[in-house]
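# no sequence for this one, just the structure:
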């Protein structure tokens with residue numbers, strides 16, 4: 001893939017521009033919105049001049065930086081107080097508030113206009129879209145109009161959450177107009193059987209990375225109770241917390257002194273139907289900030305890994321890093 005260098009003043013070291021399209025991006029360093037796109041962008045800044053384009057979210061600045069990454073946000077609905085699609089994960093927001101489906105065409109159109117405008121002005125070397133749908137659609141349209149190569153990453157919801165026709169046809173069309181397709185797990189690659197990039201290549205498995213140094217325990221105190229089980233993740237139905245809550249009484253029947261710690265944020269309607277049963281448990285529910293997550297891994301000896309289509313290394317490595325340091 002050829003990368004066209006962005007124009008810079010003579011004498012200034014230049015890096016190729018990278019425009020990142022996403023609907024999931026933290027508003028600030030303390031926001032509990034999943035930060036995997038932010039973390040990747042921070043690493044890519046060593047090789048690229050990164051700009052993130054994301055939908056407007058309550059409390060987020062229209063232009064600014066998040067942990068050193070340039071972020072631009074676009075409005076997509078009026079009144080602004082009803083711009084709720086980017087509050088957490090897109091599909092989760094739609095399931096929780098079905099009326100938000102009315103906003104999806106406006107989100108897609110507004111993102112297309114904003115991406116085209118910024119790409120035409122800044123002339124990035126590459127457009128990286130997170131999720132085949134909807135960002136992949138916007139990316140290939142803008143890339144085709146401005147002759148900019150496109151790379152698309154599938155994270156899971158855009159594959160397992162959107163099944164059948166017309167979604168399968170849209171995924172194939174987006175992939176065929178992209179230079180490369182990446183997925184975060186081998187399971188997702190299997191689900192995209194027959195989907196190939198414009199270069200005829202199958203999706204590349206590239207799990208989201210983990211900063212192992214961040215999760216080293218250091219001087220963190222070890223717990224007196226070595227039967228504490230930790231769940232860390234967004235409190236959404238697809239994360240499987242419901243099954244952990246159902247199973248934990250069986251754990252208690254064999255280990256009465258066991259303790260369950262649930263760390264996360266979000267709305268999980270079905271999960272919390274089982275939460276009243278925890279009244280007799282020594283259980284803790286905590287809303288967490290990403291900057292303090294490593295302390296949880298260091299403090300708890302066990303973790304409840306609920307297998308799904310997500311990247312296995314991203315779940316296991318933080319715990320291993322915290323307890324092997």
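Noted; the coordinates are in hand. Note that the structure is a prediction, hence the values are computed from the model and not measured.
# which one is residue 62 nearest to, not counting chain neighbours?
residue 73 (5.5 Å; C-beta to C-beta, 6 or more residues apart in numbering). (Each C-beta comes from the backbone N, C-alpha and C, glycine too.)
# Now do the phi/psi pair for the one you found.
phi -120, psi 150 (degrees, to the nearest 10).
# any idea how far it lies from residue 159?
From residue 73 across to residue 159, the span is 26 Å (C-beta to C-beta, to the nearest Å).
# more neighbours, those two?
The neighbour comparison of residue 73 against residue 159 (other C-beta atoms under 10 Å) goes to residue 159, with 25 against 21.
# tell me the contacts of the more buried one?
With contact set as C-beta atoms under 8 Å, 6 or more residues apart in numbering, residue 159 has these partners: 132, 171, 183, 188, 191, 192, 309.
# Kindly provide the distance from it to residue 170.
With C-beta to C-beta as the criterion, residue 159 and residue 170 are 11 Å apart.
# Mutual contacts of the two, please.
residue 132.
# Endpoint to endpoint, stretch 174-183 covers what distance?
14 Å (C-alpha to C-alpha, to the nearest Å).
# So which bits of it are buried?
By neighbour count on 16 or more other C-beta atoms under 10 Å, the buried set for stretch 174-183 is 174, 175, 177, 178, 179, 180, 181, 182, 183.
# Just the closest of the residues you listed to residue 125, please.
Of all the buried residues of stretch 174-183, residue 125 sits closest to residue 179, with 11.3 Å by C-beta to C-beta.
# per-residue confidence for that closest one?
Per-residue pLDDT puts residue 179 at 97.
# With residue 323 instead?
The model's pLDDT for residue 323 equals 46.
# helices or strands up against the host helix or strand of residue 128?
Using DSSP states H and E, residue 128 falls within strand 126-130. In terms of contacts (3 or more C-beta pairs under 8 Å, 6 or more residues apart in numbering; DSSP states H and E), strand 126-130 is packed against strand 17-21, helix 137-146, strand 150-154.
# closest one to residue 92 among the ones you listed?
strand 150-154 (17.0 Å).
# distance between stretch 251-259 and the chain's centre?
33 Å (C-alpha atoms, centre = their mean, to the nearest Å).
# Give me the buried positions along that stretch.
Here stretch 251-259 shows 251, 252, 258, 259 as buried, counting by 16+ other C-beta under 10 Å.
# Leaving out the residues flanking it, which one is nearest to the last one?
In this structure, residue 259 finds its nearest non-sequential neighbour in residue 228, 4.5 Å apart by C-beta to C-beta, 6+ apart.
# Same check on the second one?
Counting by C-beta to C-beta, 6+ apart, residue 258 is the residue found nearest to residue 252 once chain neighbours are left out, at 5.7 Å.
# Could you do the first one as well?
In this structure, residue 251 finds its nearest non-sequential neighbour in residue 258, 5.2 Å apart by C-beta to C-beta, 6+ apart.
# There's contact between the one you found and residue 247 in this structure, I believe.
No. Judged on C-beta atoms under 8 Å, residue 258 makes no contact with residue 247 at a distance of 11.5 Å.
# Kindly give a single ChimeraX line that selects the buried subset of the contacts of residue 159.
Per 16+ other C-beta under 10 Å, the buried members of the contacts of residue 159 correspond to this ChimeraX selection:
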select :132,171,183,188,191,192,309
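# What about the contacts of residue 159, which are in strands?
Taking DSSP state E, the ones among the contacts of residue 159 that sit in strands are residue 183.
# and the residue nearest to residue 62, what is it in contact with?
53, 54, 55, 56, 57, 60, 61, 62, 63.
# likewise residue 177?
Residue 177 makes contact with 140, 143, 144, 150, 198 under the criterion C-beta under 8 Å, 6+ apart.
# what's the spacing between residue 36 and residue 22?
10 Å.
# Show which residues not belonging to the lengthiest helix in the chain make contact with it.
Ranked by residue count under DSSP state H, the longest helix found in the chain is helix 104-122. Around helix 104-122, the neighbours that count as contacts under C-beta under 8 Å, 6+ apart are 6, 17, 19, 21, 23, 51, 53, 55, 72, 74-77, 85, 94, 127, 134-135, 137-139, 141-142, 145-146, 148.
# and the angle for that helix with helix 137-146?
40 degrees (axes from the mean of the first three to the mean of the last three C-alpha atoms, to 10 degrees).
# from the contacts of residue 159, which is closest to residue 28?
Checking the contacts of residue 159 one by one against residue 28 (C-beta to C-beta), the nearest turns out to be residue 132, at 27.7 Å.
# Please name the residues that touch the closest one.
Here residue 132 is in contact with 152, 154, 158, 159, 170, 171, 174, 175, 181 (criterion: C-beta under 8 Å, 6+ apart).
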